[in-house]
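Asks: Need a 3D model of the following:
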Amino acid sequence: MTLCLSASFGNRNRRQRRIAVSVIGGLAVLAVCSIARYYWPSEPASAQWPNRQREVAAARPTGGQQRAARTDQRAVQLAGATRPTGPKSAPRSASKPNKLDVVAEVNGERITRDDLADEALLHYGEAVLESLMNKHLIAQECRRQGIKITREDVDAEIERMATRFNLPVDQWLKLLENERGIKPTEYAEDIIWPTLALRHLAGPRLQVGEEEVRKAYETKYGEAVQARLIAVGSRQEADKLREIATREPEKFGKLAKDHSEDLPSAAAMGRIQPIRRHGSFEQIEQAAFTMQPGEISPVIQAGGQYLILKKENTIPARPVDYQRVKPQLEELIRDSKLRKVSNEVFQALQTNARVVNVLADPEKRRQMPDVAALINDQEITIGQLAEECIARHGLETLEGTINRRLLEQACARHGVEVTDADIDAEIARAALLGVPPKKDGSADMEAWLKQVTEEQGVSRKVYIRDSVWPSVALRKLTEGTVKVTKEDLEKGFESNYGPRVRCLAIVLGTYRRAQEVWEMARANNTRDYFGDLAEQYSIEPGSRALRGEVPPIRRHSGRPLLEKEAFRLKEGELSGIVQVGDRFVILRCQGFTKPIEVDFATVRDEIHQDLLEKKQRLAMSQYFDRLKDSAEVVNYLAGTTHSPSKAAAGKSHLRPVPTGK
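Replies: Numbering: from 1, shown residues only. As a prediction, this is how the structure comes out:
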């Protein structure tokens, strides 16, 4: 049971990479922190509208205190970008009337905009600065060439994209926000504007020729070949498989399933998407279109693999009027060219630009404390960067700041102090679980810190602040509240050393599908057929890839219904449908493991420590939940308040509050 504090200190951008930092204990208990990464130029999502750049540059604040006193104008402009009124218009984002000097109150204690700016800079400063620098480069080049991308241009492009997916604009924007976490303003400013800007900067390189359109037409509407595929990495193995397939072509599907290294097609008995002209490797197309139905191809070397095809049939061309679809095809070709050409344009801008990243250079920070970067001698100030971080990540940053403040208040009330020694001990605890110890058996803290910060993409400071400190604080606040009973020890011994059930399992997402699969399994209750069903239907990747094989099920593992069903089965017997959370599981018993012969007294201390740690983590989680439920929190940035009077009755009460504190 792992304590996750992602809702507490971590929700640092749900739409980008989630960074779960392991916690201390049996599996580890450190809070979760997620850092947004705005990569360029892999996605056209890193340029702003020139007018927004000028709004930001006009502020030019010079420090933390001045950040709190900046004008409300930019917040209104950033939040209030809306589509022109009309039947298809949709708001870019909810408008905020001003910039708040106080962004939240936690049990009467204020969190200021300065506090939020500092936290946002700490967590997102480097990534957002990279995005801002890239945007400055594009905006500067657009101004140099006299290129203007208007609000109307952006709106028209958004409408074009929505139309491509057969959606009204408001539904398209809502879909992006719900499914990908991209806010309407962010979509317009950070994706659509730079895409249009780079399209203009690319110029003639995006032109589409008649031959390209003809090929695209043939690819999309011309005849295609339905085939099966076997892909392996060895020529010798390919020759062997082809010999078998040629001799027994009816076994091609099984050969693909058992031997092909292309897992998606192997799972489908070798079936692949129809092969079309000008759509893949020339060698594959040449073979596919010259073969007869049922014929086995020679071994084809392509894409670093050795391939064998079996042609099933030819799909006739579709009678679509070329002139009618030509404009759409030109658009698709132009869009496909855009990323490659945009990358080239942007790389050229970077090569020719004078870029100084002050934030990343400690010496330059001392020389220019109020400057984050210089782009061709144009400043991006620390204040601008802080405001951009808040504009993008203010809500999730504030959520983490509020939860940390709750813990700080609890520590102050109970006289709990988190010392450097406590921090080191917690890191050492995680290191012993996460990396090999040093030769003397002690924790290799440096190796652990290097590994966890590199893997999670965070600095040591952020890791300690968001993960280690909260874990230490909660551990000390709940110290002495957890006990391990005799019954706990007995269950722990049985769980770790008692018999386990060896099972095959199929995991389904709906009860209806589970019923269908269960009926098929009952009609042919053999291990091989159950494996076939797992491979075809299980939605859990491990059981699907291993044809139903899962780790043996033990007692007291936290899944009582599954355990009860598994331990009542006899070898070869099929279980009923067992609901575990929102999934439905079908088991086939393969027998039982033998208990491990070990003296209870020998392992008692080890079991005790493991159970103590697990119960401690649970107590920490429950304590923090109570802490949040009993708090009076007013979030002016989100416009909500949490009332402990309702929470005390077991309800979390959120109500709107007026902005403009």
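
Asks: alpha carbons only for contacts and neighbour counts from here, please
Replies: Fine.

Asks: Val418: neighbouring residues, count only.
Replies: 15 (other Cα atoms under 10 Å).

Asks: State the pLDDT value of it.
Replies: Per-residue confidence for Val418 comes out at a pLDDT of 94.

Asks: Distance-wise, check it relative to Ile402.
Replies: Between Val418 and Ile402 the distance, using Cα to Cα, to the nearest Å, works out to 18 Å.

Asks: residues contacting the residue sitting furthest away from the middle of the chain?
Replies: In the chain, counting by Cα atoms, centre = their mean, Arg247 sits farthest out from the average C-alpha position, at 46.7 Å. With contacts taken as Cα atoms under 8 Å, 6 or more residues apart in numbering, Arg247 has no neighbouring residues.

Asks: Past the helix or strand bottoming out on mean pLDDT in the chain, which element shows up next along the chain?
Replies: For the chain, the helix or strand with the lowest mean confidence is helix 73-79, at a mean of 29 (criterion: mean pLDDT, DSSP states H and E). Toward the C-terminal end, the helix or strand that comes next after helix 73-79 (DSSP states H and E) is strand 102-106.

Asks: how many other residues sit next to Ser575?
Replies: For Ser575, the tally of surrounding residues (other Cα under 10 Å) stands at 20.

Asks: Could you confirm it falls within a helix?
Replies: No: applying DSSP: H, G, I helix; E, B strand; the rest coil, one finds Ser575 to be strand, outside a helix.

Asks: Excluding chain neighbours, what is closest to it?
Replies: Computed as Cα to Cα, 6 or more residues apart in numbering, the closest residue to Ser575 that is not its neighbour in sequence is Leu587, at 5.1 Å.

Asks: how near is the closest residue in space to Ser643 that isn't next to it in sequence to Ser557?
Replies: Spatially, and ignoring its direct neighbours in sequence, Ser643 is nearest to Glu632 (5.3 Å; Cα to Cα, 6+ apart). Note on Glu632: its distance to Ser557, by Cα to Cα, is 37 Å.

Asks: With Asn357 instead?
Replies: 51 Å.

Asks: Local confidence estimate at the residue farthest from the centre of the chain?
Replies: The per-residue confidence score, pLDDT, reads 93 for Arg247.

Asks: before we move on, back to that, neighbour count winner among Glu632 and Ser557?
Replies: Glu632 (19 against 14).

Asks: Give me the local confidence score for the more buried one.
Replies: At Glu632, the predicted lDDT confidence score is 94.

Asks: same question, Thr478
Replies: Here the pLDDT value assigned to Thr478 is 92.

Asks: what residues are up against it?
Replies: The neighbourhood of Thr478, defined by Cα under 8 Å, 6+ apart, consists of 616, 619-620, 623.

Asks: which among those residues gets closest to Gly441?
Replies: Comparing the contacts of Thr478 against Gly441 with Cα to Cα picks out Gln616 as the nearest, at 24.9 Å.

Asks: ok but Arg110 is inside a helix, no?
Replies: No: under three-state DSSP, Arg110 sits outside any helix and is assigned strand.

Asks: what pairs with it across the strands?
Replies: Glu105 (DSSP bridges).

Asks: That one touches Asp101, doesn't it?
Replies: No: the pair Arg110 / Asp101 is not scored as a contact, 9.9 Å apart, by Cα atoms under 8 Å.

Asks: what ranges do the helices span in the stretch 501-650 of the chain?
Replies: Listed in chain order, the helices of the stretch 501-650 of the chain (DSSP state H, counting those that start in this stretch) span residues 511-523, 527-537, 541-545, 560-568, 600-629, 644-647.

Asks: Please state the mean pLDDT value computed over the fifth one.
Replies: In this case it means helix 600-629. For helix 600-629, the mean per-residue pLDDT is 91.

Asks: Run through the bridge partners of the residue nearest to Ser575.
Replies: Under the criterion used (DSSP bridges), Leu587 bridges to Ala505.

Asks: Could you count how many residues lie near the residue nearest to Val517 when sequence neighbours are not counted?
Replies: Leaving aside its chain neighbours, Val517 sits nearest to Leu533 (7.3 Å; criterion: Cα to Cα, 6+ apart). Leu533 sits with 20 neighbouring residues when counted by other Cα under 10 Å.

Asks: Which ChimeraX command selects the buried ones in the contacts of Thr478?
Replies: The ChimeraX command for the buried members of the contacts of Thr478 (criterion: 16 or more other Cα atoms under 10 Å) is given here:
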select :616,619,620,623
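
Asks: And Ala430, how far from Val468?
Replies: In this view, Ala430 and Val468 are 9 Å apart by Cα to Cα.

Asks: got it, and Val106?
Replies: Using Cα to Cα, one obtains 22 Å as the distance from Val106 to Val468.

Asks: Looking at these two, which one has more neighbours?
Replies: A count of neighbours by other Cα under 10 Å puts Val468 above the other of Val106 and Val468, at 27 against 20.

Asks: Can you report phi and psi for that one?
Replies: Taking degrees, to the nearest 10, you get phi -80, psi -50 for the backbone angles of Val468.

Asks: before we move on, what about Val232?
Replies: For Val232, the backbone dihedrals (degrees, to the nearest 10) come out as phi -140, psi 170.

Asks: what number of residues lie near it?
Replies: By other Cα under 10 Å, neighbour count at Val232 equals 20.

Asks: Test my guess that it contacts Gly303.
Replies: No: the pair Val232 / Gly303 is not scored as a contact, 10.9 Å apart, by Cα under 8 Å.

Asks: Quick check: the gap between Cys546 and Asn403.
Replies: Check again: residue 546 is Leu, not Cys. In this view, Leu546 and Asn403 are 42 Å apart by Cα to Cα.
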